[in-house]
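Asks: Give me a model of this one.
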Amino acid sequence: MLRIENLHANVGDKPILKGLSLTVPAGEVHAIMGPNGAGKSTLAYVLGGRPGYEVTGGSVSFNGTDLFDLEPHERAAAGLFLGFQYPVEIPGVSMLQFLRESLNAQRRSRGQDDLSGAEFIKLAREQAGALGLPADMLKRPVNVGFSGGEKKRAEMVQMGIMAPKFAVLDETDSGLDIDALKAVGEGINRIMRAPDQGVLLITHYQRLLDHVKPDAVHVLSDGRIVKSGGPELAHALEEEGYAEVLA
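Replies: Residues are numbered from 1 along each chain as shown. Model (predicted):
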């Protein structure tokens, strides 16, 4: 579903990704762990198409399409979802309006009709309820005044509404308490666990993986995947640290 081959990328003049290769088949969740500065967030931003991240080599295929042939909004319309470590606030823009416009823009790009206001409100309330986010919060400006946990729940609501084919989630567990962590983990399982979907889950900690059982765990270090294994690898990293496991 997602095939990354020998990917190199710079931020400014500094090389960050240095020959990263990884394949995530449809129906699987793969976790990426690694020390600070390894290139985890850079990988997420490169896949999403964030400006300022220059691809200098390699390729990425998404469902058989060259990802780098698509603009960021075209990647989203094709079914790629990027979850941020720190979701941004957008003052003056209603969460409901933002989500409805986003969803209908994607539907139009696929030749589908827009959802009516009533249809969208019903969908948004269902997704918010499933994530434990009060429906009234959807009337507020995007993420304004939200706690860290509320921002992450709101992002999972967005993912549920968009129903992407593939999600790249950059440290979704950052700043979450125990209850929010469980809710987010259950949300990922509910929304993205299907034979025609996939997830690349970037995390520092094993704790989220207790709720989202990955099919594979990869260690990213100095811009490359240096070790891969099953869920037991995450436990070893948690107990022994990166230096010991990589040694």
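Asks: Any idea what Ala167 is bridged to?
Replies: Under the criterion DSSP bridges, Ala167 forms beta bridges with Phe81, Val199.
Asks: Just the CA atoms of the helix or strand where Leu233 lies, as CSV, please.
Replies: Per DSSP states H and E: Leu233 is located in helix 231-240. Output of helix 231-240 as CSV, limited to C-alpha atoms (Å, rounded to 0.1, in the frame of the first residue of the first chain):
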residue,chain,number,x,y,z
PRO,A,231,5.7,-5.8,19.1
GLU,A,232,8.4,-7.3,21.3
LEU,A,233,10.9,-4.9,19.9
ALA,A,234,8.9,-2.0,21.3
HIS,A,235,9.0,-3.6,24.8
ALA,A,236,12.8,-4.1,24.5
LEU,A,237,13.3,-0.4,23.5
GLU,A,238,11.1,0.7,26.5
GLU,A,239,13.1,-1.5,28.9
GLU,A,240,16.6,-1.2,27.6
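Asks: Against which helices or strands is it packed?
Replies: Packed against helix 231-240, as judged by 3 or more Cβ pairs under 8 Å, 6 or more residues apart in numbering; DSSP states H and E, are the following elements: strand 29-33, strand 216-221, helix 242-246. Just so you know, the C-beta spots here come from the backbone N, C-alpha and C atoms, and that holds for glycine as well.
Asks: how does it look with 6 Å?
Replies: Judged by 3 or more Cβ pairs under 6 Å, 6 or more residues apart in numbering; DSSP states H and E, helix 231-240 has no packing partners among the helices and strands.
Asks: Give me the contact list for it.
Replies: Applying Cβ atoms under 6 Å, 6 or more residues apart in numbering, the contact partners of helix 231-240 are 33, 206, 209, 214, 217, 245.
Asks: What is the nearest of the residues you listed to Pro25?
Replies: Pro214 (12.7 Å; Cβ to Cβ).
Asks: what's around the closest residue in space to that closest one that isn't next to it in sequence, how many residues?
Replies: Sequence neighbours aside, Ala31 is the residue nearest to Pro214 in space, at 4.2 Å (criterion: Cβ to Cβ, 6 or more residues apart in numbering). By the criterion of other Cβ atoms under 10 Å, Ala31 has 24 neighbours.
Asks: Pull the contacting residues for Ile32.
Replies: Under the criterion of Cβ under 6 Å, 6+ apart, the neighbours of Ile32 are 40, 202, 218, 220.
Asks: What separation is there between the residue located most distally from the centre of the chain and Phe62?
Replies: Relative to the C-alpha centroid of the chain, counting by Cα atoms, centre = their mean, Ala247 is the outermost residue, at 29.2 Å. Distance, Ala247 to Phe62, by Cβ to Cβ, to the nearest Å: 35 Å.
Asks: Please report how far Asp177 lies from Met95.
Replies: Taken as Cβ to Cβ, the span from Asp177 to Met95 is 22 Å.
Asks: which one of these two has more residues nearby?
Replies: Met95 (23 against 11).
Asks: Could you verify my assumption that the more buried one touches Pro141?
Replies: No: between Met95 and Pro141 there is no contact under Cβ atoms under 6 Å: 7.0 Å.
Asks: for this protein, what spans make up the helices?
Replies: 40-48, 72-77, 95-109, 117-131, 148-162, 178-192, 231-240, 242-246 (DSSP state H).
Asks: what residues are up against Leu2?
Replies: So Leu2 contacts 24, 62, 166 (Cβ under 6 Å, 6+ apart).
Asks: Revised request: answer the last question for Asp170.
Replies: Counting by Cβ under 6 Å, 6+ apart, Asp170 touches 41, 44, 84-85, 202.
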